[in-house]
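Visitor: The following comprises the amino acid sequence and a computationally predicted model.
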Amino acid sequence: MTGVGIIEVNGDRVTPVYYGAIKAGSGEFTERLGIIFSALQDLINEYQPHQAAIETVFVAHNAASAIKLGQARGAAVCAAISCNIPVSDYSPRSVKQAIVGKGSADKSQVQHMVGLLLGIQGPIQNDAADALAIALCHQHTSHTKSRMAMMQG
């Protein structure tokens, strides 16, 4: 599954627009990459986001899984780029730091904070919560960079 989270920013107000997960099924891996690519293009065309953010590949113990994650990430990046949307990327640690205040936070802490920050009642599916966390991290980072540029300008 590939998590997707779209937020809207109006001044200091941030609201969730769409969140969920793309289920690519269990067919051939290349077909599943195509499903991710097409589904993301469809969502981009429907919601018209101005920017995209994605998590960098995390390599733990299984190199084969990391390679597949990298390919899925590539499909997502290509979907955004093909729609002329700039893509920024963030490490899992920096996303957790931005959302929870601790780079070693666990998934439940991220889910909880995403719900609080976006006013979402009830549980949020893991992949969707991760995607919303990345979107919030990007919004926060972009806002901070913009404020710093204004102060230096």
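Guide: Looks like it arrived, so ask away. As the structure is a computational prediction, the values presented were derived from the model and not from experiment.

Visitor: and the lengthiest helix in the chain, what's its mean pLDDT?
Guide: Taking DSSP state H as the criterion, the chain has its longest helix at helix 126-152. The pLDDT scores in helix 126-152 average 88.

Visitor: May I see the buried residues of the helix or strand bottoming out on mean pLDDT in the chain?
Guide: Every helix and strand of the chain was ranked by mean pLDDT, DSSP states H and E. The lowest is helix 126-152, at a mean of 88. Of all the residues in helix 126-152, those buried under the rule 16 or more other Cβ atoms under 10 Å are 127-139, 141. All C-beta atoms are positioned from the backbone trio N, CA, C, and that covers glycine.

Visitor: just these now: which is nearest residue 55?
Guide: Nearest to residue 55 out of the buried residues of helix 126-152 is residue 134 (Cβ to Cβ; 5.5 Å).

Visitor: any idea how far that closest one is from residue 51?
Guide: 11 Å (Cβ to Cβ, to the nearest Å).

Visitor: before we move on, what about residue 129?
Guide: 20 Å.

Visitor: could you check the distance from the residue nearest to the spatial centre of the chain over to residue 46?
Guide: In the chain, the C-alpha closest to the average C-alpha coordinate belongs to residue 131, at a distance of 3.3 Å (Cα atoms, centre = their mean). Note on residue 131: its distance to residue 46, by Cβ to Cβ, is 16 Å.

Visitor: With residue 10 instead?
Guide: Residue 10 is 20 Å from residue 46, by Cβ to Cβ.

Visitor: Those two: which has the busier surroundings?
Guide: Ranked by neighbour count (other Cβ atoms under 10 Å), residue 10 and residue 46 place residue 46 first, with 10 against 7.

Visitor: Which elements pack onto whichever strand or helix holds that one?
Guide: Here residue 46 sits within helix 29-47, counting by DSSP states H and E. Applying 3 or more Cβ pairs under 8 Å, 6 or more residues apart in numbering; DSSP states H and E, we find helix 29-47 packed against strand 2-10, strand 13-22, helix 63-82.
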